[in-house]
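**Student:** Below is the structure, and that's it, no one-letter string:
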């Protein structure tokens, strides 16, 4: 796979100058770039490393003096990260999954397989499952009975899709993702200590130790178009209704979405985020890494939570929150600054106490 500088620039809708017929085979960091690499030097601080490599072509910021940097050609981009999306898409060599169905794959005769589908070694496709045209199924994947997988989906190795899941087009799942496991739903015959604690905020009352009984998951998982899930993500089936993930939403590695939860469109759930059951999440929500969300609340459109935030109550649309419990980010910052001042304040108070107690008694 190779392109000229001109072809890459045209694909990006960007300006290019110099010897635009140079052949590019891969992208590289400036200091590591060779003669057939495209150096990603999109800001002056990165361009300083060009002298350590042998790049002849680079992606630069608008207005950069490419000749002074010793280059033969350059592409100029106004929005570097957006350019990265286009360049990496062009130069991605994929995972090398062979076209067609591997002889070791097990496919139920009632399954419907679309045109130009690739299915890797030791994968299993269940009864009445439907796989859309152009899908790529990696090795050791499992697609359950009555599951629907859209066109041009990509499942990396060891992905499992549970029974009755419905997944849209251009879905991407990284290794080990698990879609459609049972929800974590259990109940005790009588009121449990946990239920009492939720009411009293601390007192278990007279609850006795009891055995937990399973509440079965009768729902499934619905996922829209252009959704991506990272390695070892888990999305649980709903109890009665389906768990839903909206179009364009992206889940990082190790994200958990609990039963009945509904995630809106174009959301980002970053690494190790955990969302409990029956949560309603709006559109364009960003939950930073290790965000935790309690069950049965809503998070409005456009909310952003900083990393490590614990969301314990409803969050109105547009709010930026941080902390444990999650509060407005500016309030959390003020509290943090105050906490850092506490040792000094304690020393000041101690000094004031000593000064006051040393004063002679008044007549």
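**Tutor:** Done, it's in. Here the structure is a predicted model, which means the values were calculated and not measured.

**Student:** contacts for the helix or strand bottoming out on mean pLDDT in the chain?
**Tutor:** Lowest on mean pLDDT, DSSP states H and E among the helices and strands of the chain sits helix 193-200, with a mean of 84. With contacts defined as CB atoms under 8 Å, 6 or more residues apart in numbering, helix 193-200 is touched by 203-205, 207. To be clear about C-beta, it is placed using only N, CA and C from the backbone, and glycine gets the same treatment.

**Student:** Pull out the buried residues from the residues you listed.
**Tutor:** residue 207 (16 or more other CB atoms under 10 Å).

**Student:** need the contacts of helix 193-200 in JSON lines with secondary structure and pLDDT, can you?
**Tutor:** Below are the contacts of helix 193-200 laid out as JSON lines (DSSP: H, G, I helix; E, B strand; the rest coil; pLDDT from 0 to 100):
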{"residue": "203", "secondary structure": "coil", "pLDDT": "82"}
{"residue": "204", "secondary structure": "coil", "pLDDT": "82"}
{"residue": "205", "secondary structure": "coil", "pLDDT": "80"}
{"residue": "207", "secondary structure": "coil", "pLDDT": "81"}
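
**Student:** residues in contact with the residue nearest to residue 182 when sequence neighbours are not counted?
**Tutor:** Distances taken as CB to CB, 6 or more residues apart in numbering put residue 217 closest to residue 182, at 4.4 Å, once the chain neighbours are dropped. Counting by CB under 8 Å, 6+ apart, residue 217 makes contact with 182-183, 185, 236-239, 259.

**Student:** quick one on the thing from earlier: go through the contacts of helix 193-200 and name the one nearest residue 347.
**Tutor:** residue 203 (38.5 Å; CB to CB).

**Student:** ok, now which ones touch the closest one?
**Tutor:** By CB under 8 Å, 6+ apart, the neighbours of residue 203 are 196-197.

**Student:** And residue 320, by the same measure?
**Tutor:** 303-306, 328-329 are the contacts of residue 320 under CB under 8 Å, 6+ apart.

**Student:** sorry, back to before: I'd like the contacts of helix 193-200 written out as a markdown table, with distance to residue 93 added.
**Tutor:** As requested, the contacts of helix 193-200 are exported to a markdown table (distance: CB to CB, whole Å):
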| residue | distance to residue 93 |
| --- | --- |
| 203 | 60 |
| 204 | 58 |
| 205 | 61 |
| 207 | 58 |
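
**Student:** Considering the contacts of helix 193-200, which is situated nearest to residue 190?
**Tutor:** residue 207 (7.4 Å).

**Student:** Okay, the residue nearest to residue 182 and residue 339: tell me how far apart.
**Tutor:** Distance from residue 217 to residue 339, counting by CB to CB, to the nearest Å: 43 Å.

**Student:** so residue 354 sits in a helix?
**Tutor:** Yes: applying DSSP: H, G, I helix; E, B strand; the rest coil, one finds residue 354 inside a helix.

**Student:** And it, how close does it get to residue 156?
**Tutor:** 66 Å.

**Student:** Helices along the protein, start to end?
**Tutor:** Secondary structure of the chain by DSSP state H: the helices cover 5-12, 44-47, 80-91, 193-200, 329-357.

**Student:** possible to save these as JSON lines with distance to residue 221 and mean neighbour count?
**Tutor:** Formatted as JSON lines, those follow (distance: least, CB to CB, whole Å; neighbours: other CB atoms under 10 Å):
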{"stretch": "helix 5-12", "distance to residue 221": "35", "mean neighbour count": "19"}
{"stretch": "helix 44-47", "distance to residue 221": "41", "mean neighbour count": "15"}
{"stretch": "helix 80-91", "distance to residue 221": "27", "mean neighbour count": "14"}
{"stretch": "helix 193-200", "distance to residue 221": "26", "mean neighbour count": "13"}
{"stretch": "helix 329-357", "distance to residue 221": "32", "mean neighbour count": "11"}
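
**Student:** could the ones you listed go into a markdown table alongside distance to residue 60?
**Tutor:** Below are those laid out as a markdown table (distance: least, CB to CB, whole Å):
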| stretch | distance to residue 60 |
| --- | --- |
| helix 5-12 | 12 |
| helix 44-47 | 7 |
| helix 80-91 | 9 |
| helix 193-200 | 57 |
| helix 329-357 | 35 |
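
**Student:** quick one: residue 356 and residue 86, what's the gap?
**Tutor:** Computed with CB to CB, the distance linking residue 356 and residue 86 is 69 Å.

**Student:** likewise residue 340?
**Tutor:** 43 Å.

**Student:** do the same with residue 147
**Tutor:** With CB to CB as the criterion, residue 147 and residue 86 are 32 Å apart.

**Student:** Closest one of the contacts of helix 193-200 to residue 319?
**Tutor:** residue 203 (32.2 Å).

**Student:** What distance do you get for that closest one to residue 195?
**Tutor:** Distance from residue 203 to residue 195, by CB to CB: 12 Å.

**Student:** Same check on residue 122?
**Tutor:** Using CB to CB, residue 122 is found at 45 Å from residue 195.

**Student:** same check, this time on residue 54
**Tutor:** Taken as CB to CB, the span from residue 54 to residue 195 is 67 Å.
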